[in-house]
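S.K.: need coordinates for the below:
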Amino acid sequence: MQFIPGEELAIDRKARVRIPLVEQGARSATERTADFEDTYLPLSEDEARKAAERCIHCPDPAPCYTACPVHNDIPSAMWLIEQGDFLGAAALYRQTSSMPEICGRVCPHEQLCQGSCVRTKSDDPVLTGALEAFVTDYERQHFGVEILPGTPTGKRVAVVGAGPAGLACTDLLVQQGHSVTVYEALPAAGGLLIYGIPNFKLNKNVVHARLEDFTRAGVTLVTSTKIGKDKTIDGLFSDGFDAVFVGVGSEVDAPLEAPGADLPGVYLATDFLVRANVDLDLLPPDKRSRPVVGRRVAVVGGGDTASDCLRTALRMGAEQVTCLYRRTEAEMPGGKKDRELAKEEGAKYRFLTQPVKFIAGPDGRVSGVECLQCELGEPDKSGRRRPVPIEGSNFIVTTDTIILALGYWPDPLIGETTPDMQTHKYGLIVVDKETCATSKPGVYAGGDDVTGPDLVVTAVAAGRRAAHSIDEYLKSR
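M.R.: Coordinates of the predicted model:
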């Protein structure tokens, strides 16, 4: 699969290893916490070429290719960028990914392609994520992006959920010539790309531009329509659809069962993030107000969502922002890069801390959280050492606002309203791993509603895999 640039490549690897790192610059912490704009500065054309020259072009299959869930041909893209063929590199990414301009920004590259780069053994890796974003931005600015519909098949597919999995599935279905209608429960398409990821990590203009590609390609987007409530899966078939893809994510906030969790000033992460980061016109009527953030904010949790909440609270004017986590930093599931950015911006971390009770102040709002000190015990099912609270170690953390970022559960609604579709684990949809087919004929599913909370790129991979299966299913009918 890898592009073969020529025999001269075999003799210049040692020279390439000596090429210094080209870092992507970031705005200062003081500047970026004053707004919700991009954290990182765009690469210049010269910086992009120099950054790509650091790729030593490992023999097939390159570790970065293997580590990428959609198997982008990264070495070939690096060669094209090095030659200044930015449009060719962008086209190469679009062969395997439905949203490279987004994955280039939000993927945890240090855990995937960049983390697998062989240069990490003795040096810094190739800047793969930033280069993916650079060439696809260049493509949109200088050439434009089009989804080219295939020859019409006369088949209609309903896609439930306008997030990464649903949009990726739609992308390929349209190119295969099928007519696609996408149903989204919220007032705007995009799923977590609009409602879950803050603007300083993923500028909404990037998402809106990609959504416009779909509408120009003839995709019908139906918003403010919740399947399972306003319509059912069976109702979609009654409406004349030939197949259905379900990609509704896993976006129900996990609660913290502790006294006082319902006090004013205690927010669930999703409610806090969407009301703080999204244009109010794009929110449901009951959420069209900004959250009230006091001087002192505590965020409970250790994943990427916790980092997003910490950084958002700082941008909303909080003076003291602290993450409370019941294990140590070594066990944190969130990406290190986001944690380092949060620390640069002023967030503090308090480890081995387990909240057990929320305390109300004289005005009835939360004013503090009672915690227990923890120590680490034996590993649990996740492989991380289990936090063990120390009896009698109670202490109080004074705070004006608390945000609970404890993970997500699936919404069981679609499973409950589709009796012949098998689910498990509180509503996750059971599928064939290879085809994404559910137990209900003609219905396919992929993304977080199958796996539980995962990455944007794994949802994209699942949506594309399902699209191929749906195409085969429709051809067989």
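S.K.: which helix or strand contains P355?
M.R.: Secondary structure assigned from DSSP states H and E places P355 in strand 353-360.
S.K.: I'd say I414 and V248 touch.
M.R.: Yes - counting by C-beta atoms under 8 Å, I414 does reach V248; the two are 6.4 Å apart. Any C-beta I mention is one placed from the backbone N, CA and C, and that applies to glycine too.
S.K.: of those two, who's got more company?
M.R.: Just comparing I414 and V248: by other C-beta atoms under 10 Å the higher neighbour count belongs to V248, 28 against 25.
S.K.: next up, the contacts around the more buried one.
M.R.: Residues in contact with V248 (C-beta atoms under 8 Å, 6 or more residues apart in numbering) are V160, G161, G163, A185, I227, D411, I414, G447, D449.
S.K.: pLDDT and distance to D262 added to the residues you listed, as CSV?
M.R.: Formatted as CSV, the contacts of V248 follow (pLDDT from 0 to 100; distance: C-beta to C-beta, whole Å):
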residue, pLDDT, distance to D262
V160, 98, 31
G161, 98, 29
G163, 98, 29
A185, 97, 24
I227, 98, 29
D411, 93, 21
I414, 96, 27
G447, 98, 31
D449, 97, 27
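S.K.: just checking, what packs against whichever strand in the chain runs longest?
M.R.: In the chain, with assignment by DSSP state E, the single longest strand is strand 366-379. Secondary-structure packing of strand 366-379 (3 or more C-beta pairs under 8 Å, 6 or more residues apart in numbering; DSSP states H and E): strand 353-360, strand 385-389, strand 395-398, strand 401-404.
S.K.: any idea which of these has the lowest pLDDT on average?
M.R.: Mean pLDDT per stretch puts strand 385-389 lowest among the helices and strands packed on strand 366-379, at a mean of 94.
S.K.: what touches both of I414 and V248?
M.R.: Contact criterion C-beta under 8 Å, 6+ apart; residues shared by I414 and V248: V160, I227, D449.
S.K.: how close does the first one sit to L87?
M.R.: V160 sits at a distance of 34 Å from L87 (criterion: C-beta to C-beta, to the nearest Å).
S.K.: more neighbours, those two?
M.R.: Set V160 next to L87 and count neighbours by other C-beta under 10 Å: V160 wins out with 27 against 15.
S.K.: my read: the more buried one touches Y183, true?
M.R.: Yes - between V160 and Y183 there is a contact under C-beta under 8 Å: 5.2 Å.
S.K.: spell out which residues are contacts of both of these two.
M.R.: Contact criterion C-beta under 8 Å, 6+ apart; residues shared by V160 and Y183: I227.
S.K.: can you report how many residues lie near G335?
M.R.: 18.
S.K.: hey, what's the spatially closest residue to P389 that is not a sequence neighbour bridged with?
M.R.: Once flanking residues are discounted, P389 sits nearest to L372: 4.1 Å by C-beta to C-beta, 6 or more residues apart in numbering. Counting by DSSP bridges, L372 forms beta bridges with Q354.
S.K.: next, count neighbours for L372.
M.R.: By other C-beta under 10 Å, 20 other residues sit near L372.
S.K.: start at 181, not 1
M.R.: From this message on, residue numbering opens at 181, which makes the last subject L552.
S.K.: sec struct for D304, please.
M.R.: coil (DSSP: H, G, I helix; E, B strand; the rest coil).
S.K.: and for stretch 379-392, what's in contact with it?
M.R.: With C-beta under 8 Å, 6+ apart as the test, stretch 379-392 has contacts from 212, 216-219, 279, 281-282, 285-286, 317, 320, 325, 347, 369-370, 373-374, 401, 457-459, 488, 491, 495, 518.
S.K.: any idea how far that stretch is from the chain center?
M.R.: 13 Å (C-alpha atoms, centre = their mean, to the nearest Å).
S.K.: convert it to CSV, retaining C-alpha atoms only.
M.R.: The C-alpha coordinates for stretch 379-392 follow below in CSV (Å, rounded to 0.1, in the frame of the first residue of the first chain):
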residue,chain,number,x,y,z
ASN,A,379,-13.7,24.9,20.4
PHE,A,380,-10.1,25.3,21.6
LYS,A,381,-9.5,21.7,20.6
LEU,A,382,-11.7,21.5,17.5
ASN,A,383,-12.8,24.8,15.9
LYS,A,384,-16.5,24.5,15.0
ASN,A,385,-15.8,26.1,11.6
VAL,A,386,-13.9,23.0,10.6
VAL,A,387,-16.9,20.8,11.5
HIS,A,388,-19.5,23.1,9.8
ALA,A,389,-17.4,23.1,6.6
ARG,A,390,-17.3,19.3,6.6
LEU,A,391,-21.1,19.2,7.2
GLU,A,392,-21.6,21.5,4.2
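S.K.: so for it, what's the average pLDDT?
M.R.: For stretch 379-392, the mean per-residue pLDDT is 97.
S.K.: what's the answer for stretch 600-614, then?
M.R.: Computed over stretch 600-614, the average pLDDT equals 95.
S.K.: same check on stretch 418-434?
M.R.: 97.
S.K.: repeat that for stretch 225-234.
M.R.: 97.
S.K.: what's it in contact with?
M.R.: With contact meaning C-beta under 8 Å, 6+ apart, stretch 225-234 is reached by 196, 199, 201-202, 204, 223, 257-259, 261-262, 264, 266, 299, 306-307, 310-311, 314-315, 318.
S.K.: likewise for stretch 453-470?
M.R.: 216, 366-368, 374-376, 378-379, 384, 451, 471, 473, 485, 488-489, 492, 495-496.
S.K.: and the helix or strand containing A195, how far out from the chain middle?
M.R.: Assigning secondary structure by DSSP H and E places A195 in helix 193-197. Taking C-alpha atoms, centre = their mean, one finds helix 193-197 lying 34 Å from the centre of the chain it belongs to.
S.K.: so what touches that helix?
M.R.: By C-beta under 8 Å, 6+ apart, helix 193-197 touches E233, R234, C235, I236, H237, R299, D303.
S.K.: for the record, mean pLDDT for the following helix or strand past that helix?
M.R.: Per DSSP H and E, the first helix or strand lying C-terminal to helix 193-197 is helix 209-212. Averaged across helix 209-212, pLDDT comes to 98.
S.K.: in helix 209-212, what's buried?
M.R.: Buried residues in helix 209-212, counting neighbours by 16 or more other C-beta atoms under 10 Å, are found at A209, R212.
S.K.: domain map for the protein?
M.R.: Per the record, the chain has its domains at 187-322, 336-431+589-656, 435-586, by automatic domain parsing.
S.K.: out of those domains, which gets nearest to P329?
M.R.: Proximity to P329 (C-beta to C-beta) singles out domain 336-431+589-656 among the domains of the chain, at 5.2 Å.
S.K.: what about that closest one, how long is it end to end?
M.R.: One end of domain 336-431+589-656 sits 14 Å from the other (C-alpha to C-alpha, to the nearest Å).
S.K.: stretch 555-573 too?
M.R.: Using C-alpha to C-alpha, one end of stretch 555-573 lies 11 Å from the other.
S.K.: before we move on, what about stretch 345-363?
M.R.: With C-alpha to C-alpha, one end of stretch 345-363 sits 13 Å from the other.
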